[in-house]
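# Please work out how this folds:
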Amino acid sequence: KAMKKISNYLMAGTLVLSLTLSAGAFYKANAATNDIAQSAQPVDLTYAAKKALPAVVHIKYVQNAKTQTIDVQTNPFDDFFFGDPFGFFGNPNQGQGGTRKQKVQTPKKEATGSGVIISSDGYIVTNNHVVNGADELTVTLEDNREFNAKIIGTDPTTDLALIKIDAKNLPTLPIGDSDKIQVGEWVIAVGNPFGLNNTVTAGIVSAKARSIGANGIESFIQTDAAITPGNSGGALVNTKGELIGINAMIYSQTGSYAGYGFAIPTAIMNKVVDDLKQYGTVQRAYLGIRGGDLLDYVNSLKEQNKDVPDFGTNTGIYVDTVEDNSAASAAGLKKGDVIIGIDDQKVTKMAELQEQVNNKRPGDKATIVWMRDKKKMSKTVTSKNQQGTTRAGTTADPNVLGAKGSPVSEALKKQLNISYGLQVKDVKSGAFKDGGISDGFIILTANDKPMKSISDLQDAVKEASTSKNPVLFITGMWPTGKTDYKAIKVGNEE
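Predicted structure coming up:
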């Protein structure tokens, strides 16, 4: 997994509320602090380090070797001399070049990262990229005890994940208020860089509410505390020994630390963790606009030698489009407006607005303040989810399908000339029966993703159930070889 490199861009994604790993490289991180020491004395960070070290864990990621069937390009001369040039043995494409099926084994992958214990009964926060795709997760505590961990939930949009180990009376790190930190405050970054367990580095908060185009939702704390591969998921701690961020990312042209580290603030983390515990997925409110920082929009007009309108403000979020049936639409926002506040909180850029909206759940009230024709306007609206409703969503239980499934047998794969698939069996009442799927049907793809294992189908159901269109669009075939297409509803509409 390679470190994400940062590029300048205009945040144009739909407004919602949205690495440092070693051994191949997951990069990310950050730092911050509250109390400022007297200028004549150096800051003593020993208290913060003593509080943080026992609560920061080492995470070992293992993805086992897997056998996959892939299509490979063939040489027509090889087909003629070594294969079946005339298709006598069931492969009519041989002798013409094209492709053939070949089994390959992917190597076992291992990497390491960090995590932070937030409850004495074993809940640990880390980055999504630290655990994504893992077959095994091993957590090592400061006292060298090891535990297998299970994933409670992940949120790729913020790059956060919640895992749990079976243990009690664990040391925890108090959670501080990242909104109260100030630029210039001292912080420490705690993690396991390059496998060097229990490492502490120090720096200051360099900036707040940074948007760097790495995640769907971001309002990073920027720090100059040294962050290197293996720090992903570690703690950014203030001088009071409070967690204020989760180490997440570095900016570097080489992959090594270059003075720019970024952490996910606890203001974003808290709600993500609460939602993953309670619902299994993040309850995300969507404002329903596309746009970006007003400053970026103004600069783009200047670069094109276009006139710059008087917006009545020099900061805020320029609204480019407003989605139908959204909270922004209900408020009356339209193209050209500039959002300057939400719920008595001033917002000057997209990252700040994202952070505020991230704390909302569908059904919560939000007062939006914006400028139009140099006049301030405001309206209180009810926030909605991506499906345009106020319903609190949960990931659908795969049992909603009302059937079982298993990978297609080797004999059937050969008969149908397919390399993967899931064969449905024991269909009872449920989504499959309602959608016209019966015993024997073979699922090849669901929402354009290949279905090679039961976990692939489970993930597809969970993802679709919380999307704007809670439907699985399935491509498959029957044992006779007939191709078929199905639309399976896996979520509720209001």
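
# Now do the strands in the stretch 201-350 of the chain.
Residue ranges of the strands in the stretch 201-350 of the chain, as given by DSSP state E, counting those that start in this stretch, are 220-223, 235-238, 243-250, 261-265, 289-293, 317-322, 338-342, 345-346.

# Ok, which of the ones you listed comes nearest Val125?
Val125 sits nearest to strand 243-250 of all the strands of the stretch 201-350 of the chain, at 6.0 Å, using Cβ to Cβ. Heads up, the C-betas are built off the backbone N, CA and C, glycines and all.

# re earlier: tell me the most buried of the strands of the stretch 201-350 of the chain?
Counting by mean count of other Cβ atoms under 10 Å, strand 235-238 has the highest mean neighbour count of the strands of the stretch 201-350 of the chain, with a mean of 34.

# Please produce CSV containing the strands of the stretch 201-350 of the chain, extended by distance to Lys108 and mean pLDDT.
Listed next are those as CSV, based on distance: least, Cβ to Cβ, whole Å; pLDDT from 0 to 100:
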stretch, distance to Lys108, mean pLDDT
strand 220-223, 33, 90
strand 235-238, 29, 95
strand 243-250, 26, 88
strand 261-265, 29, 90
strand 289-293, 42, 90
strand 317-322, 46, 93
strand 338-342, 47, 93
strand 345-346, 48, 89
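
# Low-confidence regions, this protein specifically.
Counting by pLDDT under 70, the chain contains low-confidence ranges at 1-42, 68-101, 251-259, 387, 392-399, 466, 468, 491-494.

# can we see that at 50?
Within the chain, the stretches with pLDDT under 50 are 1-41, 81-82, 84-90, 92, 95, 493-494.

# ok, now which ones touch the residue nearest the centre of the chain?
Centroid-nearest residue in the chain, with Cα atoms, centre = their mean: Pro156, separated by 0.8 Å. By Cβ atoms under 8 Å, 6 or more residues apart in numbering, Pro156 lies in contact with Asn128, Asn132, Asn215, Gly216.

# In helices only, show me these.
When DSSP state H is applied, the contacts of Pro156 are split such that Asn128 fall in helices.

# Between which two of the contacts of Pro156 is the distance greatest?
Farthest apart among those by Cβ to Cβ are Asn132 and Gly216. That separation is 14.6 Å.

# about what we covered before: just send the strands of the stretch 201-350 of the chain back as TSV, with distance to Asn198 too.
Output for the strands of the stretch 201-350 of the chain, formatted as TSV (distance: least, Cβ to Cβ, whole Å):
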stretch	distance to Asn198
strand 220-223	19
strand 235-238	11
strand 243-250	14
strand 261-265	18
strand 289-293	39
strand 317-322	41
strand 338-342	40
strand 345-346	37
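
# Looking at those, spot the one closest to Glu136.
Nearest of the strands of the stretch 201-350 of the chain (Cβ to Cβ): strand 243-250, 22.0 Å.

# how far out from the middle of the chain is the closest one?
Remark: strand 243-250 is offset 15 Å from the chain centroid, using Cα atoms, centre = their mean, to the nearest Å.
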